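Asker: Need a 3D model of the following:
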Amino acid sequence: MTNIIVPTDFSEASDRLVEGAIKFAKEIGGKICLIHVAPADIGFAIGDMGFQYFPEVEQNEIKQELLQLNNIEQKVLAHGVDCDHVLKQGVAGDIILEYGKEKKAGYIVMGSHGRSNMYDVFVGSLTKELTRRSQIPVLVIPVH
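Answerer: This is a model prediction of the structure:
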């Protein structure tokens, strides 16, 4: 069974991405491996006293994100596609590529918002980064 890495940020576009990934997984008999990469600095805030760390904020955020991942996993399973999920913290591009290697993935499925190149120049594009850096084939699904 081919592992298919599907990163999610829980946006509306992610819902469309997951729908496309489900269709693709059914076509190739693959398993969806959902991943959400949370920033490493979730519990940090800056205020009058400089940087402060609030572990309860981080724990609550992680708990909510895990619930969202579980909900997406249940949706995938309801379509008859095998699925698991993981939440990791760090730099998204690096973490997704490491996870792909760890899972011996056959594909990474990403979304394209159809924005202009100027957007990529100023904001950056995780999809563009992964298509450039990945040794695993990246399937790009339009989600706009």
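Asker: Was I right to think L130 contacts I108?
Answerer: Yes: with contact defined as Cβ atoms under 8 Å, L130 reaches I108; the gap is 6.1 Å. Any C-beta I mention is one placed from the backbone N, CA and C, and that applies to glycine too.
Asker: mind listing what's buried in the helix or strand harbouring E65?
Answerer: Applying DSSP states H and E as the criterion places E65 in helix 55-78. For helix 55-78, a neighbour-count test (16 or more other Cβ atoms under 10 Å) marks E58, I62, E65, Q68, L69, I72, E73, V76 as buried.
Asker: Please identify which of L130 and I108 sits among more neighbours.
Answerer: The neighbour count for L130 versus I108, taken as other Cβ atoms under 10 Å, is higher for I108 (25 against 21).
Asker: does that one sit in a helix, a strand or a coil?
Answerer: Judged by DSSP: H, G, I helix; E, B strand; the rest coil, the three-state class of I108 is strand.
Asker: Contact partners for it?
Answerer: By Cβ atoms under 8 Å, 6 or more residues apart in numbering, the contact set of I108 is I4, I5, V6, P7, I96, G100, L130, S134, I136, P137, V138, L139.
Asker: Report the separation between it and E27.
Answerer: Remark: distance between I108 and E27 (Cβ to Cβ, to the nearest Å) = 16 Å.
Asker: again, but for N71
Answerer: N71 sits 24 Å away from E27, taking Cβ to Cβ as the criterion.
Asker: in the chain, which spans are helices?
Answerer: 12-28, 55-78, 92-102, 117-122, 126-133 (DSSP state H).
Asker: Distance from the chain centre to the third one, please.
Answerer: Here helix 92-102 is found 10 Å from its chain centre; the criterion is Cα atoms, centre = their mean, to the nearest Å.
Asker: ok, now the second one?
Answerer: Put simply, helix 55-78 sits 12 Å off its chain's centre (Cα atoms, centre = their mean).
Asker: now the angle between helix 12-28 and that helix, please.
Answerer: Relative orientation of helix 55-78 and helix 12-28, computed by axes from the mean of the first three to the mean of the last three Cα atoms, to 10 degrees: 40 degrees.
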